[in-house]
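**Q** Have a look; sequence and predicted model below, questions after that.
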Amino acid sequence: MLSYLEDITLRLAAGVDRLPETVRLRHANFLLAQQRPDGGFAGREGASDLYYTGFALRGLGMTGVLQGPVAERAAAFLTSKLSSQAPIVDFLSLVYGAMLLEASAAIDVFAAHPRWREQVSEALERFRRPDGGYAKTDEGQSSSTYHTFLVVICNQLIGRPIREPRRIVDFVRSRRRDDGGFVEIGPMTRSGTNPSAAAAALLKLLDGYDDAVRASLVDYLVDNQTDDGGFRANTRIPAADVLSTFTAVLTLSDLGAMDEIDVAAARRFVRSMELESGGFLGGEWDAATDCEYTFYGLGALALLA
């Protein structure tokens, strides 16, 4: 059975195959050009890091070019980070990047660490909190909806059991608000598109849905589609962005509710963020491209294809 991330990877790759070849190559070449001499990828400034390398590798895998020298250099970068301490989001980037390299280029980043799966799973449990969720750091007191999602999909990706799944479902449901969406941290009262997408994925993975939760979540996400076709991060923000559009479309696709949004308008919005030279802007407010938003932009086009 495919993991959540593996399933998404295949769906996105299939969607990219339905796009014009010029679109695929434009963004594949953009991502290839972002690789640094150390094999990693960086954000808009600074050195290579695991976070942006993860998005670059996902984009390269989606476009079918994660092989040969680019894969070998990326593997060397990931290997150099195996002994470093990293936040959960970077840790997942490393693990998922390694799995992509193994699947796409037959490179085993963890070859010298036969027990790495068990060690990873044990390390992640340091972030568990009494409410059943997982915190952003091992010193954090409050669980995070998004980081709980990261821990669950990381364990699933490496084939380790999800510990006490019903407690996680109860935690996620505690983050549901009256507007139908979900919040990132407990004190928040207004839901967000992205924590709602993380919560939706967790409920799907852990069989935590019921009809009422599904219906209200669909209504919440649909309400976040703006007049220009994109999706906003929450109902107080007037402008749409590519990240929220990707997560909303992915979640609505999972929920079988794509017929409740204006798909053509969403596609036009994402296209308007695409540069002819390759890469995607984050929104109308943005002036530069990077690996992260390029993954989200191309991924959104793949889902809307």
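**A** Received it, and whenever you're ready, just let me know what you need.
**Q** quick one: contacts for the closest residue in space to Leu281 that isn't next to it in sequence?
**A** Nearest residue to Leu281 in three dimensions, chain neighbours excluded: Met273, at 4.6 Å (Cβ to Cβ, 6 or more residues apart in numbering). All C-beta spots, glycine's among them, are computed from the backbone N, C-alpha and C. With contact taken as Cβ atoms under 8 Å, 6 or more residues apart in numbering, Met273 is in contact with Val242, Phe280, Leu281, Gly282, Gly283, Asp286, Tyr293, Gly297.
**Q** Now do the SS call for the fourth one.
**A** Put simply, Gly282 is coil when judged by DSSP: H, G, I helix; E, B strand; the rest coil.
**Q** give me the number of residues near it?
**A** As a burial measure, Gly282 scores 20 neighbours (other Cβ atoms under 10 Å).
**Q** cool, Ala305 as well?
**A** 15.
**Q** Find the residue closest to it in space, skipping its chain neighbours.
**A** Closest residue to Ala305 apart from its sequence neighbours, by Cβ to Cβ, 6+ apart: Arg18 at 4.0 Å.
**Q** One more: Glu118?
**A** Excluding the flanking residues, the one nearest Glu118 by Cβ to Cβ, 6+ apart is Arg160, at 7.5 Å.
**Q** re the thing from before, list buried members of the contacts of Met273 by neighbour count.
**A** Among the contacts of Met273, those classed as buried by 16 or more other Cβ atoms under 10 Å are Val242, Phe280, Leu281, Gly282, Gly283, Tyr293, Gly297.
**Q** Looking at those residues, which is nearest Arg267?
**A** Relative to Arg267, the closest of those is Gly297; by Cβ to Cβ it sits at 11.3 Å.
**Q** isn't the closest one right next to Val270, touching?
**A** Yes - applying Cβ atoms under 8 Å, one finds Gly297 in contact with Val270, separated by 5.7 Å.
**Q** Overlap of the contact sets of those two?
**A** Any residue near both Gly297 and Val270 by Cβ under 8 Å, 6+ apart counts here, and that gives Val242, Phe280.
**Q** Phe127: neighbouring residues, count only.
**A** Using other Cβ under 10 Å, Phe127 has 22 other residues around it.
**Q** Please apply the same query to Leu217.
**A** The local packing of Leu217 (other Cβ under 10 Å) involves 26 other residues.
**Q** Correct me if wrong: it contacts Gly181.
**A** Yes - counting by Cβ under 8 Å, Gly181 is a contact partner of Leu217 at 6.6 Å.
**Q** Next, show the common contact partners of those two.
**A** Shared contacts of Leu217 and Gly181, defined by Cβ under 8 Å, 6+ apart, comprise Ser196.
**Q** can you redo the contacts of Met273 as JSON lines with pLDDT?
**A** JSON lines is the format used below for the contacts of Met273 (pLDDT from 0 to 100):
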{"residue": "Val242", "pLDDT": "98"}
{"residue": "Phe280", "pLDDT": "98"}
{"residue": "Leu281", "pLDDT": "98"}
{"residue": "Gly282", "pLDDT": "97"}
{"residue": "Gly283", "pLDDT": "96"}
{"residue": "Asp286", "pLDDT": "96"}
{"residue": "Tyr293", "pLDDT": "98"}
{"residue": "Gly297", "pLDDT": "98"}
